[in-house]
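Visitor: please find the sequence and the predicted model below.
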There are 2 protein chains.
Amino acid sequence: MPGKVVVCGVGLIGGSFALALKRAGFASQVVGIGRSRATLEEALRLGIIDRVGACDGATLGDADLVLLATPVGQMPALMQAMAPHLGPQVVLTDGGSTKGDVVAAVYRHLPGHRARFVPAHPIAGAENSGAAAARADLYAERKVVLTPLPENDADAVERVRAAWAACGASVHEMAPSRHDQVFAAVSHLPHLLSFALVHDLAQRENREEFFRFAASGFRDFTRIAASHPEMWRDICIANKSALLGELEQYQRQLEELRQALLAGDAPALEAVFAEARTVRRAWAEGKLD
Amino acid sequence: MPGKVVVCGVGLIGGSFALALKRAGFASQVVGIGRSRATLEEALRLGIIDRVGACDGATLGDADLVLLATPVGQMPALMQAMAPHLGPQVVLTDGGSTKGDVVAAVYRHLPGHRARFVPAHPIAGAENSGAAAARADLYAERKVVLTPLPENDADAVERVRAAWAACGASVHEMAPSRHDQVFAAVSHLPHLLSFALVHDLAQRENREEFFRFAASGFRDFTRIAASHPEMWRDICIANKSALLGELEQYQRQLEELRQALLAGDAPALEAVFAEARTVRRAWAEGKLD
């Protein structure tokens, strides 16, 4: 059971990990580090972390478990800054929504620690972010996907698995490239589409009239458009290749629908809608997964 | 206060109107008509309607208020079938999600009743449909948009307004073409986009793996993809022109995002996401409408 846990980035993801581990008795102390002093102090005040640390030997040298929970775009520089201070026993994991880029950064910036860095993706988004949004139960009954490296020590994988399980999550494993493909389709693309719709409407001269009559369907469709812009910018860039593939496939699908609409082809539209409904319902009822 | 209310189509929209009017004491009797005998009998059994009628003089001749609550594609034929049986005092309204097509059908098929047909759109979608989904409170604190005709009698508009208000709705007025433009953007397009995403994923060979990791963002984004295929087919066809315009504008927006992604233009992506988030939050907090 790890004693000293260091969380880099004490927002929703990192803060919730800290709270969950403390509640589970999985951490004897949690030290927070990050780029914003104000956020760290807020996390301290909220009891999310026990102490504010720094990216140095005093904080990292004797850590048992380190979580990188910054936007993924910051992780390479963070790994580079951490590298000289990590002790040989430290197990590392991360909370990034993309995995290919994290794996590449580990090989590049933490080659000496690749046996003990076990990449992970907790599937627990929320449109709120920041330390104040952190909750001990954020990961309860959620999935966490580990994408272990071939070089990972078995005990490091086990420790990371145990930590996420202690947060209440069910832990899965996938190859990083497969992970990025699947999440480009079911998470990254929907976020892009939702941002795009709200942005499109926000440009209208008389946008108030549009938004005044937007109702529950719009509310649900655009909930994820309230997500963190910097985090999602980084995810899109980090998973550019898979996301571009998904976006292009979706653009083809939309163009087919546009052609059907233009032609007034009611049966073609209904066929698409009916299949979507059937599959969406089966998914919601747990009959697809 | 109307005594005899006839509801054509006793699914979610019509059934909820019937239940709400009965609860408000706004109807002394509710007669249901429709194409499906089974649905009518279910509505009777559920206490939604008092009696099953037919499209004839006995049902329609002495009606005080008639609601057309079928998918919009059926309304022209329904109006044509009703025309010979309507008494001169009958006030009519509808629950269609598009208004330009309903107005055109009134002029074409009910020219003698255009003073007393007040088109309406209750903004209360739900992914469930059918009589069993009807609820007396479906319209409580929802908006209903009336698109009165220039020829409407003031007392007919007043009766329709009072009926929807009795259902608990707040009643608004717009021109039909403006209505269709606004709802193409905030309702019809999001439905099309959501159907398209689920349909796209449903085609994948290994779709179970995709859906297995779909989480709450996906759930909300695709809730409306479980909507009624025939209803949405009709809405798309009925509002083809405005919806095509919105879809094409959205396709341009997506293409801009694709170009930014392809170029790795992180600031451009972040700017779109940040504006979307700001506007989405302001809308959710009631600061835009």
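Guide: Arrived safely, thanks for sending.
Visitor: contacting residues for the residue of the stretch 1-150 of chain A found nearest chain B?
Guide: Per C-beta to the nearest C-beta, A:Ile123 is where the stretch 1-150 of chain A lies closest to chain B, at 4.8 Å. Any C-beta I mention is one placed from the backbone N, CA and C, and that applies to glycine too. Contacts here follow C-beta atoms under 8 Å, 6 or more residues apart in numbering or on different chains; on that basis A:Ile123 touches A:142-145, A:187, B:213, B:215.
Visitor: tell me which of those is nearest to B:His228?
Guide: B:Ala215 (25.3 Å; C-beta to C-beta).
Visitor: next one: A:Ala43 from A:Ala18, what distance?
Guide: Separation of A:Ala43 from A:Ala18 (C-beta to C-beta, to the nearest Å): 8 Å.
Visitor: tell me, what's touching these two both at once?
Guide: Contact with both A:Ala43 and A:Ala18 is made by residues A:10, A:32, A:49, A:134, according to C-beta under 8 Å, 6+ apart.
Visitor: any chance of the residues you listed in JSON lines, with neighbour count too?
Guide: Converted to JSON lines, these look like this (neighbours: other C-beta atoms under 10 Å in any protein chain shown):
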{"residue": "A:Val10", "neighbour count": "33"}
{"residue": "A:Gly32", "neighbour count": "28"}
{"residue": "A:Ile49", "neighbour count": "30"}
{"residue": "A:Ala134", "neighbour count": "25"}
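Visitor: what two of these are the furthest from one another?
Guide: Between any two of the shared contacts of A:Ala43 and A:Ala18, the greatest separation by C-beta to C-beta is 10.9 Å, found for A:Gly32 and A:Ala134.
Visitor: give me the common contacts of these two.
Guide: With contacts defined as C-beta under 8 Å, 6+ apart, the residues adjacent to both A:Gly32 and A:Ala134 are A:10, A:14, A:18, A:43, A:48.
Visitor: of these, which belong to helices?
Guide: A:14, A:18, A:43 (DSSP state H).
Visitor: nearest to B:Ala226 among the residues you listed?
Guide: Nearest to B:Ala226 among those, with distances taken as C-beta to C-beta, is A:Gly14, at 34.6 Å.
Visitor: touching, A:Phe210 and A:Asp200? I think so.
Guide: No - between A:Phe210 and A:Asp200 there is no contact under C-beta atoms under 8 Å: 9.9 Å.
Visitor: look through chain A and tell me its longest helix.
Guide: The single longest helix within chain A, with elements called by DSSP H, is helix A:240-262.
Visitor: now it: buried residues?
Guide: Residues A:240, A:242-243, A:246-247, A:249-250, A:253-254, A:257-258, A:260-261 are the ones in helix A:240-262 that count as buried (16 or more other C-beta atoms under 10 Å in any protein chain shown).
Visitor: what of stretch A:25-36?
Guide: So for stretch A:25-36, counting by 16+ other C-beta under 10 Å, buried means A:26-27, A:30-34.
Visitor: possible to save these as TSV with secondary structure, distance to A:Arg116 and pLDDT?
Guide: Formatted as TSV, the buried residues of stretch A:25-36 follow (DSSP: H, G, I helix; E, B strand; the rest coil; distance: C-beta to C-beta, whole Å; pLDDT from 0 to 100):
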residue	secondary structure	distance to A:Arg116	pLDDT
A:Phe26	coil	18	95
A:Ala27	coil	18	96
A:Val30	strand	19	98
A:Val31	strand	18	98
A:Gly32	strand	21	98
A:Ile33	strand	18	98
A:Gly34	coil	22	96
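Visitor: okay, strands next: where are they in the stretch 1-150 of chain A?
Guide: A:4-8, A:29-33, A:51-52, A:65-68, A:91-94, A:117-118, A:120-122, A:143-146 (DSSP state E, counting those that start in this stretch).
Visitor: dump those to TSV, plus distance to B:Gln181.
Guide: Listed next are the strands of the stretch 1-150 of chain A as TSV, based on distance: least, C-beta to C-beta, whole Å:
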stretch	distance to B:Gln181
strand A:4-8	48
strand A:29-33	50
strand A:51-52	53
strand A:65-68	47
strand A:91-94	46
strand A:117-118	52
strand A:120-122	41
strand A:143-146	41
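Visitor: write out the residues of the stretch 1-150 of chain A neighbouring chain B.
Guide: Within the stretch 1-150 of chain A, the residues that sit near chain B (C-beta under 8 Å from any C-beta of the partner chain) are A:73, A:123-125, A:142-143, A:145.
Visitor: which residues does the spatially most central residue of chain A contact?
Guide: The centroid of chain A falls nearest to A:Ser97 when counting by C-alpha atoms, centre = their mean (3.3 Å). Counting by C-beta under 8 Å, 6+ apart, A:Ser97 makes contact with A:72, A:121, A:125, A:183, A:187-188, A:231, A:235, A:239.
Visitor: and A:Gly125, what is it in contact with?
Guide: Per C-beta under 8 Å, 6+ apart, neighbours of A:Gly125: A:97, A:187, A:224, A:227, B:215-217.
Visitor: ok, A:Arg35 next?
Guide: By C-beta under 8 Å, 6+ apart, the contact set of A:Arg35 is A:70, A:74.
Visitor: ok so, going back, now the contacts of A:Ile123 as CSV including pLDDT, distance to B:Gly57 and neighbour count?
Guide: Below are the contacts of A:Ile123 laid out as CSV (pLDDT from 0 to 100; distance: C-beta to C-beta, whole Å; neighbours: other C-beta atoms under 10 Å in any protein chain shown):
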residue, pLDDT, distance to B:Gly57, neighbour count
A:Arg142, 95, 61, 18
A:Lys143, 96, 61, 17
A:Val144, 98, 67, 24
A:Val145, 98, 66, 23
A:Ser187, 96, 58, 26
B:Phe213, 94, 59, 20
B:Ala215, 92, 56, 15
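Visitor: against B:Glu208, how distant is the closest residue to A:Gln29 other than its chain neighbours?
Guide: Nearest residue to A:Gln29, sequence neighbours excluded (C-beta to C-beta, 6 or more residues apart in numbering or on different chains): A:Asp50, at 4.8 Å. Here the criterion is C-beta to C-beta. By it, A:Asp50 lies 43 Å from B:Glu208.
Visitor: of these two, who's got more company?
Guide: Higher neighbour count among A:Asp50 and B:Glu208: A:Asp50, with 18 against 11, using other C-beta atoms under 10 Å in any protein chain shown.
Visitor: now the more buried one: how far from A:Ala18?
Guide: For A:Asp50, the distance to A:Ala18 - C-beta to C-beta - is 9 Å.
Visitor: intersection of neighbour lists for the two?
Guide: Contact criterion C-beta under 8 Å, 6+ apart; residues shared by A:Asp50 and A:Ala18: A:Val30.
Visitor: which parts of the stretch 151-289 of chain A are helices?
Guide: A:154-166, A:176-183, A:189-202, A:207-212, A:216-221, A:229-238, A:240-262, A:266-284 (DSSP state H, counting those that start in this stretch).
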